[in-house]
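In: 3D, please:
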Amino acid sequence: MDYFWAIFASVVVILIIYGIISSRLKQRRIRKATAKIFPTVQDHIQADKRYNIFLSHGKTIQNVRFIGISPAFDQHNPYLPFPLCQWLIVEKADGARAYLKPETVKFYEDAGK
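Out: Presented below is the predicted three-dimensional model:
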């Protein structure tokens with residue numbers, strides 16, 4: 001009976017390892033097939049370009065210039081709480097700045113000229 005439980009546990013461990021390995025191989029095959037069909041475009045939001053930003057709660061900010069991202073949380077600065085860090089900073093047409101949490105941006109598009 002002792003051998004039964006040792007063999008049973010070994011089979012379970014082997015099946016778990018097999019599942020993990022086969023899942024990773026399948027994901028790799030899917031990634032390679034997708035890369036053949038859809039090329040990767042190396043383009044992202046850039047500083048000093050104008051964008052239309054669509055936020056997750058439905059508001060749209062038109063024709064704003066992306067300035068940058070506020071710095072990360074500095075543990076040595078007690079005056080800057082964690083939630084007020086790493087905001088997207090954009091400048092509106094009238095010169096006013098807007099500070100957006102990256103999680104609120106649904107998508108963005110080039111504003112054109």
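
In: what helices and strands are in contact with whichever strand or helix holds residue 98?
Out: Assigned by DSSP states H and E, residue 98 falls within strand 97-100. Contacts defined by 3 or more CB pairs under 8 Å, 6 or more residues apart in numbering; DSSP states H and E place strand 97-100 against strand 60-69, strand 88-91. C-betas here are computed from N, CA, C, even on glycine.

In: quick one, which of these is nearest to residue 11?
Out: strand 60-69 (51.1 Å; CB to CB).

In: which helices and strands does that closest one pack with?
Out: strand 50-55, strand 88-91, strand 97-100.

In: could you check the angle strand 60-69 makes with the first one?
Out: Using axes from the mean of the first three to the mean of the last three CA atoms, to 10 degrees, the inter-axis angle of strand 50-55 relative to strand 60-69 is 110 degrees.

In: ok, back up a step: any buried residues in the strand holding residue 98, and which?
Out: Buried residues in strand 97-100, counting neighbours by 16 or more other CB atoms under 10 Å, are found at residue 100.

In: what comes into contact with it?
Out: 53, 55, 61, 64, 67, 70, 87, 88, 89, 90, 91, 92 (CB atoms under 8 Å, 6 or more residues apart in numbering).

In: the helices in the chain, which residues?
Out: Here the chain has its helices, by DSSP state H, at 2-37.
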